[in-house]
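Enquirer: Can you look at this prediction? I've put the sequence above it.
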Amino acid sequence: MERIPCTGCSLLCDDILIGTDGLFVDKIYGACLKGKERFDQVSSKNRLTSPMIRKSGNLENVSWDNALEKVKEILNASSKPLLYGFSTSNCEAQAKGIQLAKKINGFIDSNSVICLGKALNIAKETGITLTTLAEIINKTDLIVLWGSNAAESIPRLLNKILFSRGKFRMTGREIKTIIIIDPVKTASFGVMQLRDLALNIHTGKDLDLIRVLKEECCKEGSFPKEGVAGIDEEELKRLFLNLMGAENGVIFIGQGLLRPLPEVNVIKELFELVNLINLKQNKGRISVGLLGGHYNMFGFDQISLSLTGKNHSLQFSNNELVNTEDTIITKIEKDDFDCSIIVGTDPISHFPYSLSKKLASKPLIVIDNRKSATSDMAEIVLPSAITGIECEGLVYRFDHVPIELKKILNPPSGVLTDEEILNQIIQKIG
Ligand code: SF4
């Protein structure tokens with residue numbers, strides 16, 4: 001048996017035990033169903049194992065030489081290439097992706113830009129400190145899930161932080177309070193006990209709640225009698241009391257707090273609220289955790305920041321980084337691209353139809369280990385090894401702690417890692 005980190009989600013549980021016969025992982029202990037699925041991908045039916053090129057409308061198996069020649073042809077004819085994805089690749093491949101974008105004067109973004117990547121910049125602006133998993137396990141007495149269904153998106157998170165006994169606490173679940181703020185009664189509500197607080201907020205009204213709490217921080221007794229956003233006055237008082245009385249509270253921000261319009265900056269106002277609470281309460285403090293989904297989404301931010309000083313949305317021109325306000329979304333909206341390289345993600349399924357349609361209308365080069373709607377629409381498909389099982393490398397957990405992944409199996413014959421594929425493309429285009 002061997003102990004390895006699981007790459008099923010951004011919690012990157014490092015307590016998974018596996019047994020292997022050298023070809024398959026046949027024993028898995030400690031992983032949740034989501035984690036187990038990740039190991040099942042090794043031999044799944046939708047596994048990609050051969051490079052493919054579209055010929056007469058159909059994808060056909062070809063040699064790596066032919067596939068790379070076709071990639072070169074597309075990139076040589078391109079003046080505005082897009083690169084997107086990289087959240088399920090290791091940091092080494094992410095660095096290669098940035099190197100390739102620089103070489104071909106492309107625009108590169110990771111999934112973090114449409115997830116919680118922007119919250120990192122807001123944390124910097126507002127002076128908010130993000131906390132770590134160890135800190136939460138060992139010290140926390142208040143957990144707030146705001147717009148996050150952790151029980152399903154990061155299945156073992158609550159096991160580790162809610163049902164555990166921390167190093168600096170004599171007791172466990174019995175002294176921990178969980179507050180869930182969500183318009184949907186998700187599976188996470190199932191962990192609630194008497195002392196906890198379930199707040200079914202009206203959809204899209206988080207900002208109203210945050211502003212009322214900010215007001216209360218500045219002027220006591222200002223809660224509206226009729227409540228706010230579907231939360232009555234009594235619940236508001238309990239929420240405020242918990243936030244002000246926590247010795248070591250953490251607010252987990254999930255994707256439910258993301259808003260498409262830049263002028264509606266819910267996360268910024270929430271961070272300002274955290275600052276106000278921490279100024280006002282002298283007993284303890286509240287910190288923040290960002291619950292991203294993909295296991296190395298924050299790795300791209302780290303690598304991009306260290307290589308370029310910017311954590312996402314990099315535009316290169318004359319092989320130099322240039323300023324841009326664009327993101328992957330605005331680039332596609334404006335039709336400001338002529339081909340794309342998609343690594344380990346499925347934007348054709350995830351993006352709104354109007355964007356997917358535009359993306360699919362220009363040559364798509366897909367690097368992935370599984371078939372998807374995006375690989376089905378691709379001009380070229382390059383099969384990759386599964387990072388964390390067939391390939392080692394560095395990744396960053398949701399709390400920005402680096403974790404080393406292990407290689408436990410060889411990839412199928414002829415299948416390369418993301419890093420090797422990107423490197424071969426760089427070599428090919430000369
Ligand atoms: S919680 Fe995430 S990292 Fe942990 S076992 Fe489940 S899928 Fe894997």
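Expert: Thanks, I have the structure now.

Enquirer: Which of the three states applies to the closest residue to the ligand within the stretch 201-350 of the chain?
Expert: Closest to the ligand within the stretch 201-350 of the chain is Y295: 7.1 Å, counting by CB to the nearest ligand atom. C-beta here means a position set from N, CA and C on the backbone, and glycine is covered the same way. Secondary structure, DSSP: H, G, I helix; E, B strand; the rest coil: Y295 is coil.

Enquirer: confidence score at whichever residue of the stretch 51-200 of the chain sits closest to the ligand?
Expert: The stretch 51-200 of the chain approaches the ligand most closely through R156 (3.6 Å), counting by CB to the nearest ligand atom. Looking at R156, its pLDDT stands at 96.

Enquirer: Help me confirm that T131 comes into contact with R285.
Expert: No. In terms of CB atoms under 8 Å, T131 does not count as a neighbour of R285; the distance is 9.5 Å.

Enquirer: These two: who's more crowded?
Expert: More neighbours surround T131 than the other of T131 and R285, with 22 against 16 (other CB atoms under 10 Å).

Enquirer: Now the residue of the stretch 201-350 of the chain closest to the ligand. Nearest residue, chain neighbours left out?
Expert: T7 (4.5 Å; CB to CB, 6 or more residues apart in numbering).

Enquirer: contacting residues around V71?
Expert: Residues near V71 by CB atoms under 8 Å, 6 or more residues apart in numbering: I365, I380, L382, I425, K428.

Enquirer: Let me have the helix or strand hosting F271 in PDB, keeping just the CA atoms, if that works.
Expert: Taking DSSP states H and E as the criterion, F271 maps to helix 266-280. Coordinates of the C-alpha atoms in helix 266-280 are reproduced here as PDB (Å, rounded to 0.1, in the frame of the first residue of the first chain):
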ATOM      1  CA  VAL A 266     -19.900  41.000  -3.500                       C
ATOM      2  CA  ILE A 267     -16.600  39.600  -2.500                       C
ATOM      3  CA  LYS A 268     -15.000  43.000  -2.000                       C
ATOM      4  CA  GLU A 269     -17.800  44.000   0.300                       C
ATOM      5  CA  LEU A 270     -17.600  40.700   2.200                       C
ATOM      6  CA  PHE A 271     -13.900  41.300   2.800                       C
ATOM      7  CA  GLU A 272     -14.600  44.800   4.000                       C
ATOM      8  CA  LEU A 273     -17.100  43.300   6.400                       C
ATOM      9  CA  VAL A 274     -14.500  40.800   7.700                       C
ATOM     10  CA  ASN A 275     -12.100  43.700   8.300                       C
ATOM     11  CA  LEU A 276     -14.800  45.600  10.200                       C
ATOM     12  CA  ILE A 277     -15.600  42.600  12.400                       C
ATOM     13  CA  ASN A 278     -11.900  42.000  13.100                       C
ATOM     14  CA  LEU A 279     -11.500  45.700  14.100                       C
ATOM     15  CA  LYS A 280     -14.500  45.600  16.400                       C
END
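
Enquirer: And that helix, what does it pack against?
Expert: Counting contacts by 3 or more CB pairs under 8 Å, 6 or more residues apart in numbering; DSSP states H and E, helix 266-280 packs against helix 117-126, helix 206-218, helix 233-245, strand 248-253, strand 285-290.

Enquirer: residue contacts, the residue of the stretch 51-200 of the chain closest to the ligand?
Expert: Contacts of R156 (CB under 8 Å, 6+ apart): L11, C13, C32, G35.

Enquirer: The third one touches P155, doesn't it?
Expert: Yes. The pair formed by C32 and P155 meets the contact definition of CB under 8 Å, at 3.9 Å.
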